[in-house]
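Participant: below are the sequence and a predicted model; questions follow.
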Amino acid sequence: MATVGFIGLGNMGGPMARNLVKAGHTLKVFDLSEQAVAGLVALGAQRVAKAADVARDVDAVVTMLPAGAHVKSVYLGPEGLLAAAAKGTIFIDSSTIDVPSARIVIAEADEKGMRMVDAPVSGGVGGAEAGTLTFMVGGSEAAYAGAEPFLKQMGKNIFHAGSAGNGQVAKVCNNMILGISMIAVSEAFVLGEQLGIDPQVLFNISSVSSGQCWSMTTYCPVPGPVPTSPANRDYLPGFTAAMMLKDLRLAQEAAQSSKTPIPMGGMAAQLYALMEANGNDQIDFSGIVKLIRGEI
């Protein structure tokens with residue numbers, strides 16, 4: 001088994017780190033939340049004093065951070081992870097960040113003789129806890145080969161998306177599809193309600209017809225048809241509206257830099273921004289149906 005450093009023990013990172021402990025690895029952990037660190041220490045992980053210390057004398061490092069600025073701050077500079085690590089260390093950044101930041105940090109890792117991938121995830125907190133996450137991985141073949149064994153202990157579906165930054169490209173495109181499709185499904189159910197069709201009947205029809213999609217059959221935004229969806233627990237989040245808005249804004253940034261028109265992505269971002277503006281961005285993103293109904 002390996003010695004692994006882990007930074008970012010939040011809703012996603014915490015369960016991912018626990019799965020690495022369960023796999024038998026020795027973990028060094030750092031997070032600004034003492035409670036999050038204590039939970040991993042109770043499982044046998046080692047607490048370190050500062051972020052850079054997780055990269056000393058380890059085989060691999062995993063990071064799960066909020067934004068590109070945090071990733072660059074943690075990795076780069078004389079006090080960063082790359083300066084503290086030995087050559088050949090494997091770095092896995094599972095943060096969802098902007099593509100340019102991912103490519104800048106990986107280029108620096110390459111120059112210093114490290115192997116690094118960007119590996120954002122899909123699957124939510126449930127997937128992190130169950131170890132069934134999907135990882136979208138960008139980086140060289142050598143970096144991917146080094147990271148893959150660790151990724152398989154945290155996830156189920158591991159995809160090499162190509163060169164550095166392409167994991168972020170795949171993530172932002174996937175989540176733009178998700179955000180748009182959730183709005184479409186929500187609008188259809190609200191329209192159906194207004195016109196008098198029972199939601200279960202509409203689900204029974206559309207879930208096996210051309211309207212079928214993940215937002216309907218796995219994460220249906222109205223209570224009833226899919227018992228495991230957040231709609232049946234008052235939209236307690238598996239993936240918050242705030243996180244969806246973050247990803248849609250990343251899509252907008254990427255579209256602007258590549259001069260790619262994404263009008264539906266822009267409209268979706270505006271609707272989720274309304275949830276943010278009215279203080280409802282911490283409910284599940286499928287709660288957009290409540291906005292469409294005029295309930296929030």
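Facilitator: On my side now, so go ahead.
Participant: can you count the residues close to the nearest residue to residue 54 once chain neighbours are set aside?
Facilitator: Using C-beta to C-beta, 6 or more residues apart in numbering and skipping the chain neighbours, the partner closest in space to residue 54 is residue 5 (3.0 Å). Backbone N, C-alpha and C define where each C-beta goes, glycine included. Per other C-beta atoms under 10 Å, the neighbour tally for residue 5 reads 29.
Participant: again, but for residue 240
Facilitator: A count of neighbours around residue 240, defined by other C-beta under 10 Å, yields 21.
Participant: look up how far residue 219 lies from it.
Facilitator: Separation of residue 240 from residue 219 (C-beta to C-beta, to the nearest Å): 13 Å.
Participant: can you give me the helices in the stretch 1-150 of the chain?
Facilitator: For the stretch 1-150 of the chain, the helices defined by DSSP state H, counting those that start in this stretch cover 13-22, 34-41, 68-75, 81-84, 99-111, 124-130, 141-152.
Participant: can you pull the buried residues of the third one?
Facilitator: Spelled out, it's helix 68-75. For helix 68-75, a neighbour-count test (16 or more other C-beta atoms under 10 Å) marks 68, 70-72, 74-75 as buried.
Participant: tell me how far that helix lies from the chain's centre.
Facilitator: Distance of helix 68-75 from the chain centroid (C-alpha atoms, centre = their mean, to the nearest Å) equals 16 Å.
Participant: what's in contact with it?
Facilitator: Outside of helix 68-75, the residues within contact range by C-beta atoms under 8 Å, 6 or more residues apart in numbering are 7, 51, 63, 65, 80-82, 91, 93, 95, 97-98, 100-102, 104-105, 108-109.
Participant: now do the second one
Facilitator: With C-beta under 8 Å, 6+ apart as the contact definition, helix 34-41 has outside contacts at 6, 9-10, 14, 17-18, 21, 27, 29-31, 47.
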